[in-house]
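**Student:** model this:
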Amino acid sequence: SGRSISAVSRVTLPKSISLLWEQLEFHTPAYLVGGAVRDLFRGEAPHDWDFALRWRPETVQALGESLGYHVIPTGLAFGTVTFLTEAGPVEHHARAFPCLGDSQEGVKRAAAFRGFSFVP
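**Tutor:** Residues are numbered from 1 along each chain as shown. Sure, this is the predicted structure:
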């Protein structure tokens, strides 16, 4: 079984995505963004998973590869790399946070600007 996101709903992250999440969280906070957050708030099971870290996509790609993941630079110019997991692709969106700094206030402003985000 995967990691439960009880603050939003009873949906559970698929095991391979939960493992990826935990490995990334060891290095820096990870934020669930995009359609998965919308689906969770609707009480629906997400069909795709997107997240954001406060790091640039090249750094995230290097980290993912060092952890043994196949990471595809699907849109470096747009801040996107894709991790391939057993549960399917997981996208990282650096542009989900216009301010890539480490301040909590920067993250809050960026989340308000971008829309839904959630820290499980």
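**Student:** which parts of the chain are strands?
**Tutor:** 31-33, 49-52, 70-75, 80-85, 88-93, 117-118 (DSSP state E).
**Student:** go through the ones you listed and name the closest to A62.
**Tutor:** strand 70-75 (8.4 Å; CB to CB). Where you see a C-beta, it was placed from the backbone N, CA and C, and this is true even at glycine.
**Student:** who does that closest one pair up with?
**Tutor:** strand 80-85 (antiparallel) (DSSP bridges).
**Student:** list the buried residues for the partner strand?
**Tutor:** With burial defined by 16 or more other CB atoms under 10 Å, the residues of strand 80-85 counted as buried are T80, V81, T82, F83, T85.
**Student:** which one of these is nearest Q61?
**Tutor:** V81 (4.7 Å).
**Student:** looks like that closest one contacts H70 (just checking).
**Tutor:** No. When contacts are counted by CB atoms under 8 Å, V81 is not listed as touching H70 (10.7 Å).
**Student:** so E58 makes contact with T80?
**Tutor:** No. If you go by CB under 8 Å, E58 and T80 don't touch, sitting 11.5 Å apart.
**Student:** list the residues that contact the residue nearest to G35 when sequence neighbours are not counted.
**Tutor:** The shortest distance from G35 to any non-neighbouring residue, by CB to CB, 6 or more residues apart in numbering, is to D48 (6.0 Å). By CB atoms under 8 Å, 6 or more residues apart in numbering, the residues touching D48 are G34, G35, A36, G88, P89, E91.
**Student:** show me where the chain has helices.
**Tutor:** Listed in chain order, the helices found in the chain under DSSP state H are 15-25, 35-41, 57-66, 104-114.
**Student:** dump these into a markdown table; add mean neighbour count as well.
**Tutor:** Shown next, in a markdown table, are the helices of the chain (neighbours: other CB atoms under 10 Å):
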| stretch | mean neighbour count |
| --- | --- |
| helix 15-25 | 18 |
| helix 35-41 | 18 |
| helix 57-66 | 18 |
| helix 104-114 | 14 |
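**Student:** many thanks, have a good one.
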